[in-house]
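[1] Sharing a model prediction with you, sequence too.
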Amino acid sequence: MSSASSLISELRSSLAGESARIALDFAATGDGRAAVAQRTHLIESILHRLWGELVSADQSGPRNFALVATGGFGRGWLFPYSDIDLLFLFANRGDEEAHKDSVRQFSQELWDLKVKLSPASRTLAECERFDPNNTEFTISLLDCRYLAGDRELFARLHDKTIPKLLTREAKPLLQGLAEVTRERHGKFGHTVFHLEPNLKESPGGLRDCNVASWLPLISAMSKLGEWPDGSSLRAPVRRQLEAALEFLMATRCFLHFRHGRDDNALSWEAQDEAAARRIGTSDAAGISAADWMRIYFGHARAVQRTVIQLLDEIPEAWSTLRRQFQGWKSSKPSSPDFSVVDGMIFLQQSSSLRDPEMLLRLFHFMAIHGLKLSATTEHRIEQELPALAVTPPRGAELWLYLQETLLQPHAAEALRAMHSLRLLTLLLPELKPIDSLVVRDFYHRFTVDEHSILAIESLHRLKQSQSEWDKRYGELLGELEDPELLYLALLLHDTGKGVPGVNHVEASLEIAGRCLDRLDVEAAERATVLFLIGNHLEMSAQLRRDIFNPETVAAFAEKVGTPERLKMLCLLTYADIKAVNPEALTPWKAENVWQLYIGAANYLNRSADQRVHDASGEKLARLRSLAPVIGAKFKEYVEGFPQRYLRVHSAEEVMQHMAMAEEFGHDPVQVDLRRGRHWYELTLVTKDRPSLFATLTGVLAAWGMNIVKANAFSNQAGTVVDTLYFTDRFRTLELNLSEWQRFKESVAAVLSGKADLEKMLRDRQRAEKSSRVKVVVATRIDFDNESSSSSTLLQVIAQDRPRLLHRISDCLSQQKCNIEIALIDTEGQMAIDAFYLTSAGKKLTVEHQNKVEKALAEELKSLELGG
Amino acid sequence: MTKVEAVIQNSKLEAVKNALQEIGVEGMTVLEVRGHGRQKGHTEVYRGREYSVDLIPKTKLEMVLPDALVEKAVQAILVAARTGKIGDGKIFLTRVDEAIRIRNDERGEGAL
């Protein structure tokens, strides 16, 4: 046996023996850092032996040739199955030529030992050259370490060549590194919260730990022209990174030993085993896989945050988009409390965060502009958290800031920033159970908290999207009266997943209830949020039935009740599916959801006249509990109202209408006026009479009010409840408190025939110039004699104009039509008015319909021409 | 061996799947498809805008079965997917020459 082959067999047995010992050690201690150091040492000793045998008996010879460890090996981090990065360094080409054979033999022997080698041969001059297409090589030099051969040659590389190269090429190098990092993050959806993350490549993984040390190193070297002393990272950040590294190293060693190869996927099975073996944690007690993953996500989040901050702080590492923004100084957002420098938010006064309101304002500001927090601002927030935890803000004030934040285009980014600073769970402890929670199912790709935030983000993104489906759903979002309730429902809809072993929808409802208490959300809004959470799977369940079957659609629509809730539920479903994984919402599914939505929406408008007869149902039960004393009167009052009446009005409102009806003896025209969040609300309770609705809309038109929505209903006893929601175009009510009373009196006076409506309308018309039309809406008049059993349904779609509703209802009344129900809606410049009409107590005949259509068309034409 | 392709109503997927499982069909491919037959589409008007539904979302099942199972599978699908109305779908049968399991190169009905 030759000496070389006896050496190889000796090395092979030493490699096998030592590797087994390292594995055993790791199994006993779980110390990843020790395992990678031992493996590094083992490989080094093998390399030294081979060098002595094949290249030079003297370890520091020959001249002009050196063996250099680079990359992970250079750092001294050799994971059990990682590649070994080696550089054969030569003074010049001639030396490379001279040692060609020994390099080949050296590599060959290592291959035969089954050591996975990534070798590179370079002259010093080649090392100094920068190749923008191979930034990896230059970056691997940052971790170079002498192993054997010409020490002086290595010193030239380390002390001269590398600093010179970095000073010259810092900018493209930083740009290149930033680009590959962003690209890699993009592949993982820019989030650490994967259910089965890749320990090395995922955001917040080991690769990011390295990027976090390279970025400041390159930046510092380019300024100093030499290797800096120590890291420029702040001590707390450094400590966080060290702790993360400790955990990630142990886990990667565990994965390598478990898989027997360089496989870094943290699969569910691996998570179970890692938790059982308490990899990376010193906790003596048992730990569940979900809790173990929380530790992982905690570290990954810290690492990712540091990397993103570094990418933002080093101008050379900015994205091209960000660099473009730099030129736009004039559009820089500012506020008295915050300043913005290079896209990062700084505090004007560092002490200001002691005021919790300022903290909430900060995230609101962030949500508007989509800016990032500077490292110093984050640090200040972290310092304030313990004090804040003692008396966290709550109640209506917190809800006010939260809703304003949720509504902004960059709400999701602000929520993520709050979450990663642990502020979100401090303000809303109800989110704690889903913090970094892995729920294992086949479809979800993200943790529950990230899924919820992603769902909010996907709604905000609808506005910019070009896809046909997104546009359609985006329009729906624009029509919502209270989108903040939808966003809040999305934030809370899966909180129940944090409670093991129960139906998550029910658990979510209970947790959300507590959260709504904390935020002091008012009863009607609370009911909407809970409805959305309680039914968040309802549309998906309906999709498994035949959605083209009218009965399926009707049952679903009945369950939802009102068009507003239907819109919200539809958007919630859309966002929820979209946030499951990037492919979950296929066009096929988007179309099915949309079909079900349209079907149910049309059903709700075409079935609005189903009367209340049986006194059952949830709302009625609640009403009876509110009014036990007036039991009999209540039945009399509610008898004959359309079901829709009970759906669109809360129990409290119905009680109020009833009380108003009680006052008829005193005054037969009962008027109530109040200011809502979006518009004014006028409620009229009176006895039915001809042209009532037309007269009422006329008074509002004469006052210059713009009717946005309206409902008109009547019961069997002829009591009418009309509710009109309007905007105050001339701010008459807003600026003059005294006008409130005059306005109410004027409504009553016209209705009781004491004031001349025609004169009021003429006066108004004289005072007003015709407004410009922004979007042209074509008039459309449709009759439907099928949907309702007792009325003819008329839908008018027309350009929204002042006095439009009055002119339509006046025309209908001249055509001898009685308005049983009116459902008035406005969408941008389009008015969508549905009327349930009867004539002499019956449906309209076809001839009558034709006459009405002709008269309406003429009326609308004359209005269009300014008549 | 025969390839069975069945286009059915989305709402019937669960029922058909269960019926096939009961007679011993072990695997199938389910596709989300859109199309129309004689059922054609219709136009839905919503708030003055017309949405035409000319291609209706449907579910398509594909499976390759040993000949002994084909007729039973067809019957199972017929019973489970039928409502008697237009739009219930169709079943297509095609002869298959060979099936090969990629893992071990097994061929013929054994590879199914």
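    Everything's here; your move.
[2] quick one, what contacts A:Val671?
    Taking C-beta atoms under 8 Å, 6 or more residues apart in numbering or on different chains as the definition of contact, the neighbours of A:Val671 are A:682-684, A:744, A:747-748. The way it works is simple: take the backbone N, C-alpha and C, and place the C-beta from them, glycine included.
[3] rerun at 10 Å
    Contacts were defined as C-beta atoms under 10 Å, 6 or more residues apart in numbering or on different chains; by that measure A:Val671 touches A:660, A:682-686, A:696, A:743-748, A:751.
[4] now for those, which pair is the farthest apart?
    With distance counted by C-beta to C-beta, no two of the contacts of A:Val671 lie farther apart than A:Met660 and A:Ser746, which are 18.2 Å apart.
[5] If you rank the contacts of A:Val671 by neighbours, which is first?
    The residue in the contacts of A:Val671 with the most neighbours, by other C-beta atoms under 10 Å in any protein chain shown, is A:Leu696 (27 neighbours).
[6] which other helices and strands contact the helix or strand where that residue lies?
    For A:Leu696, the host element (DSSP states H and E) is helix A:692-702. With contacts taken as 3 or more C-beta pairs under 10 Å, 6 or more residues apart in numbering or on different chains; DSSP states H and E, helix A:692-702 sits against strand A:680-687, strand A:705-714, strand A:719-728, helix A:738-751, helix A:757-767, helix A:804-814, strand A:818-827.
[7] I'd like the ones you listed as CSV, with mean pLDDT and distance to chain B appended.
    Conversion of the helices and strands packed on helix A:692-702 to CSV gives the following (pLDDT from 0 to 100; distance: least, C-beta to the nearest C-beta, whole Å):
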stretch, mean pLDDT, distance to chain B
strand A:680-687, 93, 23
strand A:705-714, 87, 14
strand A:719-728, 91, 18
helix A:738-751, 91, 30
helix A:757-767, 84, 27
helix A:804-814, 92, 15
strand A:818-827, 85, 7
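[8] Please produce a markdown table containing those, extended by distance to B:Val79.
    As requested, these are exported to a markdown table (distance: least, C-beta to C-beta, whole Å):
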| stretch | distance to B:Val79 |
| --- | --- |
| strand A:680-687 | 56 |
| strand A:705-714 | 48 |
| strand A:719-728 | 52 |
| helix A:738-751 | 64 |
| helix A:757-767 | 67 |
| helix A:804-814 | 53 |
| strand A:818-827 | 44 |
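[9] Enumerate every residue touching the residue of the stretch 401-550 of chain A at minimum distance from chain B.
    Ranking the residues of the stretch 401-550 of chain A by distance to chain B (C-beta to the nearest C-beta) places A:Asp546 first, at 4.1 Å. With contact set as C-beta under 10 Å, 6+ apart, A:Asp546 has these partners: A:552-553, B:9-12, B:83, B:85, B:87.
[10] how about 7 Å then?
    A:552, B:9, B:11 (C-beta atoms under 7 Å, 6 or more residues apart in numbering or on different chains).
[11] would you say it is within a strand?
    No: with DSSP: H, G, I helix; E, B strand; the rest coil as the criterion, A:Asp546 is assigned coil and is not in a strand.
[12] I'd like to know how far it sits from B:Gly89.
    Noted for A:Asp546: a distance of 12 Å to B:Gly89, by C-beta to C-beta, to the nearest Å.
[13] Give me the common contacts of those two.
    With contacts defined as C-beta under 7 Å, 6+ apart, the residues adjacent to both A:Asp546 and B:Gly89 are B:Gln9.
[14] and stretch A:824-835, which residues are buried?
    Neighbour-count burial for stretch A:824-835 flags A:824-827, A:830-835 (criterion: 16 or more other C-beta atoms under 10 Å in any protein chain shown).
[15] measure it end to end?
    Between the opening and closing residues of stretch A:824-835 we find a distance of 8 Å, counting by C-alpha to C-alpha, to the nearest Å.
[16] same thing with stretch A:84-104?
    End-to-end span of stretch A:84-104 (C-alpha to C-alpha): 16 Å.
[17] mean confidence for it?
    Averaged across stretch A:84-104, pLDDT comes to 92.
[18] do stretch A:65-75 as well
    94.
[19] Quick check: which element contains B:Ala15?
    Following DSSP H and E, the helix or strand that holds B:Ala15 is helix B:13-22.
[20] Tell me the residues of chain A that contact chain B?
    A:544-546, A:586, A:588, A:591-592, A:595, A:598, A:601-602, A:780, A:797, A:827, A:830, A:832 (C-beta under 7 Å from any C-beta of the partner chain).
[21] Of the residues you listed, which is the nearest to A:Lys851?
    Nearest to A:Lys851 among the residues of chain A next to chain B, with distances taken as C-beta to C-beta, is A:Arg780, at 17.9 Å.
[22] Surely the closest one and A:Ile797 touch.
    Yes: at 4.3 Å, A:Arg780 counts as touching A:Ile797 under the criterion of C-beta atoms under 7 Å.
[23] more crowded one of the two?
    A:Ile797 (20 against 15).
[24] residues in contact with that one?
    Contacts of A:Ile797 (C-beta under 7 Å, 6+ apart): A:777, A:779-780, A:830-832, B:48.
[25] mind listing which of the contacts of A:Asp546 are in helices?
    When the contacts of A:Asp546 are checked against helices (DSSP state H), the matches are A:Thr552.
[26] Report the buried residues of the helix or strand hosting A:Leu15.
    Under the criterion of DSSP H and E, A:Leu15 resides in helix A:3-29. Applying a neighbour-count criterion of 16+ other C-beta under 10 Å, the buried positions in helix A:3-29 are A:7-8, A:11, A:15, A:18, A:22-23, A:26.
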